[in-house]
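Student: prediction below, plus the sequence it came from.
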Amino acid sequence: MTSAIDIENHPAAAFGFYQEFAALAGDWRTFPRHYLLYASSGVFRLEVAQTQWLLPPQRAAWIAADVPIRVSIRAPVTCCSVLYARTSIAPPAPDCRVFALSPLAREMIRYAMRWGPDRAVEDAAADSFFVSLATVCNELAATPDQSWLPRPRSDELTRAVEHTLARLDEPLSFGQVARAALVSERTLARRFAEETSMTWRQFLRRARMIRAMEMLAAGDANVTETVAAIGFDSISAFITAFRSFTGETPAQYRRRFL
């Protein structure tokens, strides 16, 4: 990503960049600037250390300079992101923070694209705007995000995770997932414990809640449709599980994105 931009030697304190990707199987790499990563359409998969996030247009990521990351996609993505010089803002702490975007923050990121890599270096309005954008995003990022999933390391667990994520609306069993991963249930249970520090059931619950958060934030589905899409038997059971996971009811969570 941003391979055509001289990030290291760019003289501006901050600039936006707009890119469209039809496919991206990213390698691990670092950036010499703090990175506000945002997909205005489509979904990024962001991997940092042993954690991965899905970044639909409802979420963004603050990534500190020089932190190894891997970004990939499975379908076309439009990227509207911002790079900040190391000294222009305080670095994200911890090194990567994923957070839910408010409608204001989304519009500010889109507006920032008017100041791309070819922006004038001496532009007080641009510098002031980028500082304001960082302030808004820092306030949003102060709320802990629960939309992470553990990143599998082995091929067996990768197959199990992919099989599970592709069938969140189905009545999955651990035995089915183990067969799809081409390992025994005992081996798969050990893989989950060693690589994710959680059981498959815990992983499944987290994945379903994250999918529900994405659907509610996008506004493409009501609660009934969301319940069906993540394999819950009843609305009341879903509301209880969602409140336990997020601290909000589905309706309260959805209102934050209106």
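Tutor: All right, it came through fine.

Student: do a quick rundown of the strands in the chain.
Tutor: 14-21, 24-25, 34-41, 44-48, 51-55, 59-63, 70-73, 77-84, 96-100, 148-150 (DSSP state E).

Student: give me the angle between the third one and strand 51-55.
Tutor: If I follow you right, that is strand 34-41. Angle, strand 34-41 to strand 51-55, by axes from the mean of the first three to the mean of the last three Cα atoms, to 10 degrees: 50 degrees.

Student: pull out the buried residues from strand 34-41.
Tutor: For strand 34-41, a neighbour-count test (16 or more other Cβ atoms under 10 Å) marks 34-39 as buried. All C-beta atoms are positioned from the backbone trio N, CA, C, and that covers glycine.

Student: before we move on, back to that, could you tell me the least trusted of the strands of the chain?
Tutor: When these are ranked by mean pLDDT, strand 24-25 comes last with a mean of 80.

Student: hmm, who's touching that strand?
Tutor: 1, 71-73, 77 (Cβ atoms under 8 Å, 6 or more residues apart in numbering).

Student: and the strands of the chain, which is most packed in?
Tutor: strand 59-63 (a mean of 25; mean count of other Cβ atoms under 10 Å).

Student: partners of it in the sheet?
Tutor: For strand 59-63, the paired strands and their directions (DSSP bridges) are strand 34-41 (antiparallel), strand 96-100 (antiparallel).

Student: list the contacts of the last one.
Tutor: Residues from elsewhere that reach strand 96-100 (Cβ under 8 Å, 6+ apart): 46, 48, 51, 53, 55, 58-64, 67, 69, 137, 140-141, 143, 145, 147-148, 217, 256-257.
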